[in-house]
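[1] what shape does this take:
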Amino acid sequence: RPEHNPRGWKAAMRRDDSEKFHEAYMSEMNSLDTKKVISHNHTLAELRAAGISSSPICLNVIYEIKNSGRYKVREVLRGDMCVKGVHYNSVFAAAPRLESTRVFLALCVIFGMKQLLFDIKTAYLNADLDEDEQVIVRYPREQREYRLNPETGVQEELYGLLIKALYGHQSAGRKWAAHRDSWAMMKFSSNGWSIRQMIKEPCWFVLLSNEHSDDDPHRVWIICHTDDCRVAADHMTDAVYVSDAFSDEFGIRLVSTGCMLGIDQKEWTDDDGTRFLEINMERFIDDASAEYKHLFRKKPVEIPFPERKVLSLCNEDGTIRDPAGDEANRNHARGYRSLVGVLLWIGRNCKLHCATGLHHLSKVMSAPTDDAFDCAIWMLQYCYETKQHGIRYKSSGDTSLRVYYDASNAKDPRDGKCTGGHVAMLAGAAVT
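    Prediction:
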């Protein structure tokens, strides 16, 4: 849990496990030096003389123990100190829709494709920053050095110049995505391979290996969530070729646990040859529920949201609720926004049937009532009690996309609108 992670170098070095944090710290520093992310040892006067007029931005070091038990250290830029137009320009970077990932998984089951999951090590550090986005950085306290100015006799603090993308820089994601995509398009367009980037889903790449034929397809799909990648192929040798190419260029860490982005993935084949793939978030839900278990009801919760419950920003007399009122402030202090954020991540990934309740919880985000907070706890308890249930695709399921739509007659008193929704089914389960 975050509160168990040390905050700063001194706190990390006082712990019994300080050696593991020190090892992770040195690994991070070596990565930064190997990839030449920062140009070191400049005085502020030297940088100003080089024409760099932006204000220095602090670097912080984050220490973390992952759920897997791995010790991780990241040096990051204080992005909150950056100013648009001064330290960065464009920031947008495409990310795959969650629906696209589920379609990807459903198609893998239908076609019997083999998968490899991996994350790219220190991904952002591979991308160069444009010259006008290079940032003067001030080192963390434990890294600061000084140089004697022979003319003034004053010890001057030394700064760095960030020349590659670093976590925290607003343009880092965009620069990395562009670098990753251009490399992939070039790498897999040679030696008989072909590649194309999907227009509507630019994070999904479709490849054909040099052994592809109509009689023996050698298709490969890649879907990239920033630095987390899923590779699916008709033949495992092709998936390994692709992952090895990423490893040679960037360095990767194979995900052997089947867990990526907090989502657990299991695959198996029944005796009759039916293939199954199931995703759930059991471990994530366990961690998210720990803080709120004392608020759970004694009786089991059997439905995602209280029956016939409608949440609105209107009071019973039709007036709009005050976002700064005592009740709203009380529930903000209880962590309503954070709680709903957790529920949104769970619901959008593997509990799509919670969508109606999530819609109501999100509507009152600006002025949550006690009733809304209780409904959020209700949903979290439901997720916890059904945490082993997720979305299960099967090869014997329908291979045609089927879409169902419905709406309620329960109108919101604020605008008179009711709640409607749809579900699309593929391979026996929902994809959206």
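[2] Leu339 and Leu380 touch, don't they?
    Yes. Using C-beta atoms under 8 Å, Leu339 is in contact with Leu380, at 6.9 Å. In this view, the C-beta of every residue, glycine as well, is placed from N, C-alpha and C.
[3] who touches both of these two?
    Tyr292 (C-beta atoms under 8 Å, 6 or more residues apart in numbering).
[4] give me the more crowded residue out of the two.
    Leu380 (24 against 21; other C-beta atoms under 10 Å).
[5] give me the secondary structure label for Asp119.
    strand (DSSP: H, G, I helix; E, B strand; the rest coil).
[6] and for it, the neighbour number?
    16.
[7] quick one, what contacts it?
    227-229, 252-253, 255, 260.
[8] let's go with 10 Å and repeat that
    By C-beta atoms under 10 Å, 6 or more residues apart in numbering, the residues touching Asp119 are 225-229, 252-255, 260-261.
[9] okay, and the beta partners of it?
    Asp228, Arg253 (DSSP bridges).
[10] do Tyr71 as well
    Ile65.
[11] report the distance from stretch 115-127 to the chain centre.
    13 Å (C-alpha atoms, centre = their mean, to the nearest Å).
[12] start to end distance for it?
    The straight-line separation of the ends of stretch 115-127 (C-alpha to C-alpha, to the nearest Å) is 27 Å.
[13] same question for it: list its buried residues.
    By neighbour count on 16 or more other C-beta atoms under 10 Å, the buried set for stretch 115-127 is 115-120, 122-127.
[14] Glu131 reaches Leu162, doesn't it?
    No. Taking C-beta atoms under 10 Å as the definition, Glu131 is not a contact partner of Leu162, at 11.6 Å.
[15] quick one, which of these two is more surrounded?
    More neighbours surround Leu162 than the other of Glu131 and Leu162, with 22 against 9 (other C-beta under 10 Å).
[16] who are the contact partners of the closest residue to the more buried one other than its chain neighbours?
    Nearest residue to Leu162, sequence neighbours excluded (C-beta to C-beta, 6 or more residues apart in numbering): Val135, at 4.3 Å. Applying C-beta under 10 Å, 6+ apart to Val135 gives the contacts 38, 52, 54-57, 59, 77, 81-82, 86-88, 129, 160-163, 166, 168-169, 171.
[17] before we move on, what about Gly420?
    When contacts are taken as C-beta under 10 Å, 6+ apart, Gly420 is in contact with 356, 359, 405-408.
[18] just the terminal-to-terminal distance for stretch 390-407.
    Terminal residues of stretch 390-407 are spaced 24 Å apart (C-alpha to C-alpha).
[19] export the helix or strand hosting His359 to PDB, keeping only CA atoms.
    For His359, the element it lies in under DSSP states H and E is helix 355-363. The C-alpha trace of helix 355-363 is given here as PDB (Å, rounded to 0.1, in the frame of the first residue of the first chain):
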ATOM      1  CA  ALA A 355     -22.300   0.600 -15.600                       C
ATOM      2  CA  THR A 356     -25.800   1.900 -14.600                       C
ATOM      3  CA  GLY A 357     -24.800   2.300 -11.000                       C
ATOM      4  CA  LEU A 358     -21.500   3.900 -12.000                       C
ATOM      5  CA  HIS A 359     -23.500   6.400 -14.100                       C
ATOM      6  CA  HIS A 360     -25.500   7.400 -11.100                       C
ATOM      7  CA  LEU A 361     -22.400   7.600  -8.800                       C
ATOM      8  CA  SER A 362     -20.600   9.800 -11.400                       C
ATOM      9  CA  LYS A 363     -23.500  12.200 -11.900                       C
END
